[in-house]
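J.: Sequence and predicted structure below; questions after.
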Amino acid sequence: MGNNYGMFEESILSDLQALPLAQADIAYAAAFLPAAQADALSALSNLGYAPGEAAAVVAQLSGEMSGADSASLIRAALKKMAPKT
């Protein structure tokens, strides 16, 4: 993935991207992710975004924004997921 994740985190993110997930699954997986990523997944899920889509965006942005705080990651994810007009 080209980031600073360990193999365990990469495995979780890969699983999140590949499977249709329920909100409970996101909460479980988020427990093993860094805090900013877990916060972003939780926020996007609470806003009604599909868990798989949210996980894919958070994983991509986490790689691009290494060390970003929760607020920055959430803002970037919302911009990326905003409907295109």
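T.: It's in.

J.: Where does pLDDT dip in the protein?
T.: 1-33 (pLDDT under 70).

J.: run the last query once more with 90
T.: Within the chain, the stretches with pLDDT under 90 are 1-39, 41-42, 50-53, 55, 59, 62-63, 65-69, 82-85.

J.: That one: helices as residue ranges?
T.: 7-18, 23-30, 35-46, 51-64, 70-81 (DSSP state H).

J.: count of neighbours near Ala38?
T.: By other C-beta atoms under 10 Å, the residues close to Ala38 number 18. All C-beta atoms are positioned from the backbone trio N, CA, C, and that covers glycine.

J.: Against Thr85, how distant is it?
T.: From Ala38 across to Thr85, the span is 31 Å (C-beta to C-beta, to the nearest Å).

J.: now do Ala55
T.: 25 Å.

J.: Check Val58 too.
T.: Counting by C-beta to C-beta, the gap from Val58 to Thr85 is 23 Å.

J.: These two: which has the busier surroundings?
T.: Comparing Val58 with Thr85 by other C-beta under 10 Å, the one with more neighbours is Val58, at 29 against 3.

J.: what residues are up against that one?
T.: By C-beta atoms under 8 Å, 6 or more residues apart in numbering, Val58 lies in contact with 37, 40-41, 44, 73, 77.

J.: cool, Gln60 as well?
T.: Lys80.

J.: gap between it and Arg75?
T.: 15 Å.

J.: same thing with Val57?
T.: Distance, Val57 to Arg75, by C-beta to C-beta: 12 Å.

J.: Looking at the two, which one has more neighbours?
T.: For Val57 versus Arg75, neighbours defined as other C-beta under 10 Å are more numerous around Val57 (22 against 13).
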